[in-house]
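A.B. asks: here is the input, now give the coordinates:
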Amino acid sequence: MAVDQLDTRILRLLLEQPRTSVREYARILGVARGTLQARLDRLERDGVITGVAPSLSPAALGHPVLAFVHIEVTQGHLGDVADALAGVPEIIEAHSITGGGDLLARVAARDAGHLEDVVQQLNRVPGVVRTRTEVALRERVPHRLLPLVEAIGRAAAQDRR
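C.D. replies: Residues are numbered from 1 along each chain as shown. Presented below is the predicted three-dimensional model:
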């Protein structure tokens with residue numbers, strides 16, 4: 001999907017001021033409310049905007065230990081293992097990957113013992129061959145999308161010239 005400069009400005013506002021009303025966004029951007037709403041609808045329909053939920057902190061929820069678990073899966077069981085992972089609440093997200101494993105799961109835990117319990121639970125899932133766990137020490141670059149949105153906007157502006 002092509003994102004133009006107005007889309008980029010809209011996305012920037014959504015990221016920087018997520019609790020602002022559509023009317024206020026339109027005023028800030030200097031566009032009609034209908035124009036803004038049509039753009040937002042298109043961005044949602046095209047899958048650019050995927051939700052409006054608040055960003056939550058697992059650490060503030062009592063799960064300060066963050067780990068990445070590489071999971072090797074028996075061939076042909078990737079879907080079954082992924083379904084089982086969806087039932088483990090401590091798994092924040094999981095992705096199928098290339099390289100030294102089949103799945104990579106981001107796990108939040110209360111402490112090291114809790115993390116070990118979660119990893120042992122993963123090891124008992126039918127189809128899991130082995131796991132390898134890496135504990136995050138400190139977040140160095142927080143989850144962010146604004147730099148990417150801005151780069152896309154700059155590229156769109158270059159293309160228009």
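
A.B. asks: tell me where this structure has strands.
C.D. replies: With DSSP state E as the criterion, the chain has strands at 65-73, 91-96, 103-109, 128-135.

A.B. asks: go through the ones you listed and pick out the most buried.
C.D. replies: strand 103-109 (a mean of 21; mean count of other CB atoms under 10 Å). Bear in mind the C-beta positions are built from the backbone N, C-alpha and C, glycine included.

A.B. asks: compute the inter-axis angle for that strand and strand 128-135.
C.D. replies: On the basis of axes from the mean of the first three to the mean of the last three CA atoms, to 10 degrees, strand 103-109 is oriented at 50 degrees to strand 128-135.

A.B. asks: pull strand 103-109 out as CSV, backbone CA atoms only.
C.D. replies: Taking Å, rounded to 0.1, in the frame of the first residue of the first chain, the C-alpha atoms of strand 103-109 are listed here in CSV:
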residue,chain,number,x,y,z
LEU,A,103,9.9,-20.3,16.3
LEU,A,104,11.0,-17.3,18.4
ALA,A,105,8.9,-16.4,21.4
ARG,A,106,9.0,-13.3,23.5
VAL,A,107,8.3,-14.3,27.1
ALA,A,108,7.5,-12.2,30.2
ALA,A,109,8.1,-13.7,33.6
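
A.B. asks: now do the same for residue 161: its pLDDT.
C.D. replies: Among the per-residue scores, residue 161 shows a pLDDT of 72.

A.B. asks: count of neighbours near it?
C.D. replies: Around residue 161 there are 4 other residues, counting by other CB atoms under 10 Å.
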